[in-house]
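# Structure for this input, please:
(chains A and B)
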Amino acid sequence: MNFLICLETGLREIVAHKFRSVLSMLGIVLGVSSLIATMALTAGIEKGTRAFMEQVGGLEFVKIQNKDVSDELFEFWNLSPGRTIVDAQAILASVPGIAHASPEMRLGARVANMTHGQRLAVVGVWPGNFHVNRHELAAGRFITPLDLDRATHVAVIGDEVARQFWPHLSKEEILGKVLTINQSPFEVVGIFIRYEREQDKRMRKIRAEQAKKHAGSERRRWDPFRGKNLSVLIPLPTMFYEFKSGLFPNDSVESVRIEELALQVKDLSRFREILDQVRRTLTMTHRGVDDFELETREEWFDRMEQSISATRLSGGLIAVISLVVGAIGIANIMLASISERVREIGIRLAVGAKGRDIFFQILIESVSVAFLGGLVGIVAGTVLIQVLIVIAPSENPPLMTLNSMLISVVFSILAGILSGLYPALRASKLDPIEALRYE
Amino acid sequence: MALVKLQDVRKTYRLGDQEFHALKGVSLQIEEGDFLAIIGPSGSGKSTLMHLLGCLDVPSAGQMEICGYDLSRASSDTLAGVRNRELGFVFQAFNLLPKLDVVRNIELPLIYSGISRKERRARAIEVANAVGLGDRLANRPTQLSGGQCQRVAIGRALVNNPRILFADEPTGNLDSTTGEMILEMFRQLNRDGRTVVLVTHDPEVAAISKRVIEIRDGLICREYAP
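Okay, here's the model as predicted:
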């Protein structure tokens, strides 16, 4: 008897005992649907977290911070010029592993146009800021090396700034308009896209839908991109000449301290090595005074990764337990059905079925039940996820992956094989005479 | 040529420490076209003999050759193959599968000979017509009378065109008129050249055969032609 006939007999048996099959399927259905749901939930959390990590600059992002010098070196502290753009220039010149450097000079200033004015943090930047902070332009251009050379009066602004100053204009229309920063006019040449986390984007859409029904008050939430959306960026030399020069007679662009210095590492596989080179270069420019430290995101990201894998593990564990329970359910019902079907097996043996025919018939039955249960479970899991989305919109949308479906199908088939083996073995070992006599 | 050759066949069952000798040396030959009845009271060993002849079991000692196969020490797979190709069974309790309809019940042996689905159906329908159930193809056993059930069973026994047809008390669960009709079917099958072996405790039933063997205490005590 070939495999196809076994399959046909097994499937017909399932159809003939619908209620029993559905009962034994139930365990697998629940197991697979919870597997699908937990995998989708963790995949959603994972995707949200990764996207966030990417948006804040990724692992490549390294910040150089000021540090208090130790007591022994305190006398030498004022030998160090502190963080200046010379540091940035030196790093770019001597550490090939650094892709971009972004020094920042900040100024709290009154920013205004004809109709609106408010205090904002204005930042003087280099073109490298665009890459280091992962900016994306919605319209216009970013600050170029030519802007640095000529110290032009141009500004690139964030989405929120654009909305507040020109609420009725499109981003293209805003380009070329003039903002004054402490009464000094600047032409807007570029506007960033709106930065938001995936979850915020979703919440905004949900709120937009709800707003149609009833206008609710928008709840203020912590937004990691608020600063980015409120940015007003101008060329760093312009910042110096316009707002920071003349305070002391000897100040120059090179000697004035900068408020931020961030770097983007080119090659993560040589991360440590590159950081060491940066450290050596900075020791040089700081004249041997150890008044700086490198801040990386490694630990932070490691913690995120750990929490992702912990979530995944616990979700997987729950699902595996329910699958095992499902498999035991199938085994139990198969065993019960075999003692109920001893006579049938006897008849099949009497008309010439071999032990292995019976074995495969029972095995295929349980595998088919499990497989069907798996398919139903995938559907049920998908429905479950949709229900979850509706009744509890979470920050990270659940994400169905093909992988999770494949894993579910493989697991349910495995469960079917495991739960079918023992009943099938028992059925195939039945003695035809005993089986026929069985009442 | 003899279809069945039994030479000093013994069968011993073990029940705990005790040995029970069900057959104590039976020798028997059945020729092609024979109509043999085996009679005897319960506990005489006639069921054991029937199981051996029907290739459901192997003897503990002695030689057994059925349809040219030496089955004295055959494996259960070999026995299953012989049952499938060479033998047909009709039981007292019909032994039909309740969840399957008439056609599917009849085609059951063909499934295990690996015959294609289409041919299986065709042959099952042909046999169903031959046993007079042409209009009941889609019915399940629960929807049939006892006589009809037994005809399905006969159809199932005949569908693989066996060389020997075994019937174990085929009229035991039927009323006398229906039983008579079923017995007439066996007689007709034998007239058409089929070898039939009938097991019964009822001498009246045995009387339709050509040759009667009476078993008592595990031995053939008498052989006669009715």
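
# interface residues of chain B facing chain A?
B:51, B:54, B:56-57, B:76-77, B:80-81, B:83-85, B:89, B:91, B:95-97, B:99-100, B:104, B:108-109, B:111-114, B:117, B:156, B:160 (CB under 8 Å from any CB of the partner chain). The C-beta positions use only the backbone N, C-alpha and C, and glycine is treated the same way.

# Report the buried members of those residues.
The neighbour count (16 or more other CB atoms under 10 Å in any protein chain shown) marks B:51, B:54, B:56-57, B:76, B:80-81, B:83-85, B:89, B:91, B:95-97, B:99-100, B:104, B:108-109, B:111-112, B:156, B:160 as buried among the residues of chain B next to chain A.

# which ones among those residues are found in strands?
Counting by DSSP state E, these place residue B:89 in strands.

# Any idea how many residues pack against residue A:232?
Using other CB atoms under 10 Å in any protein chain shown, residue A:232 has 21 other residues around it.

# ok, now residue A:4?
Residue A:4 has 11 neighbours, counted by other CB under 10 Å.

# Got the confidence number for it?
Note on residue A:4: pLDDT of 72.

# Might you calculate how far the helix or strand hosting it sits from the centre of the chain?
For residue A:4, the element it lies in under DSSP states H and E is helix A:3-16. Relative to its parent chain, helix A:3-16 has a centroid offset of 45 Å by CA atoms, centre = their mean, to the nearest Å.

# For it, give me every contacting residue.
A:21, A:357, A:360-362, A:364-365, A:368-369, A:372, B:99-100, B:104, B:111, B:114, B:117 (CB atoms under 8 Å, 6 or more residues apart in numbering or on different chains).

# try 7 Å
A:21, A:357, A:360, A:361, A:364, A:365, A:368, A:369, B:99, B:111 (CB atoms under 7 Å, 6 or more residues apart in numbering or on different chains).

# Looking at those, which is nearest residue A:315?
Checking those against residue A:315 with CB to CB, the nearest one is residue A:369 at 25.1 Å.

# For chain B, give me its nearest residue in the stretch 1-150 of chain A.
Scanning the stretch 1-150 of chain A for the residue nearest chain B gives residue A:16, at 4.0 Å (criterion: CB to the nearest CB).

# Can you check the pLDDT for that residue?
Per-residue pLDDT puts residue A:16 at 76.

# And residue B:156, by the same measure?
Taking residue B:156 on its own, its pLDDT is 93.

# That one is in contact with residue B:103, isn't it?
No - between residue B:156 and residue B:103 there is no contact under CB atoms under 7 Å: 10.4 Å.

# which ones are touching residue B:142?
Residue B:142 touches residue B:98, counting by CB under 7 Å, 6+ apart.

# swap that for residue B:159, please
When contacts are counted by CB under 7 Å, 6+ apart, residue B:159 is found next to B:106, B:107, B:109, B:110, B:123, B:124, B:127.

# for chain B, what spans make up the helices?
When assigned using DSSP state H, the helices of chain B occupy the ranges B:46-53, B:76-86, B:102-106, B:108-111, B:117-130, B:146-158, B:176-191, B:203-206.

# Would you mind saying which of the ones you listed lies nearest residue A:148?
helix B:117-130 (81.8 Å).

# Contacts for the closest one, please.
By CB under 7 Å, 6+ apart, helix B:117-130 touches B:102, B:103, B:106, B:107, B:110, B:111, B:134, B:137, B:155, B:158, B:159.

# can you give me the strands in the stretch 51-200 of chain A?
Counting by DSSP state E, counting those that start in this stretch, one finds strands in the stretch 51-200 of chain A at the ranges A:61-66, A:98-112, A:117-125, A:137-140, A:154-157, A:178-181, A:184-192.

# what does the stretch 301-439 of chain A give?
In the stretch 301-439 of chain A, no segments count as strands under DSSP E, counting those that start in this stretch.

# near chain B, which residues of it?
A:344, A:347, A:349-355, A:357, A:432-433, A:436 (CB under 7 Å from any CB of the partner chain).

# again, only using 10 Å
Remark: the part of the stretch 301-439 of chain A in contact with chain B comprises A:341, A:343-344, A:346-357, A:361, A:428-429, A:431-433, A:435-437, A:439, using CB under 10 Å from any CB of the partner chain.

# So among the residues you listed, which ones count as buried?
A:341, A:343-344, A:346-355, A:357, A:361, A:428, A:432-433, A:435-436.

# Format the contacts of helix A:3-16 as a markdown table; extra columns: pLDDT.
Listed next are the contacts of helix A:3-16 as a markdown table, based on pLDDT from 0 to 100:
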| residue | pLDDT |
| --- | --- |
| A:21 | 82 |
| A:357 | 87 |
| A:360 | 87 |
| A:361 | 85 |
| A:364 | 86 |
| A:365 | 85 |
| A:368 | 86 |
| A:369 | 86 |
| B:99 | 82 |
| B:111 | 87 |
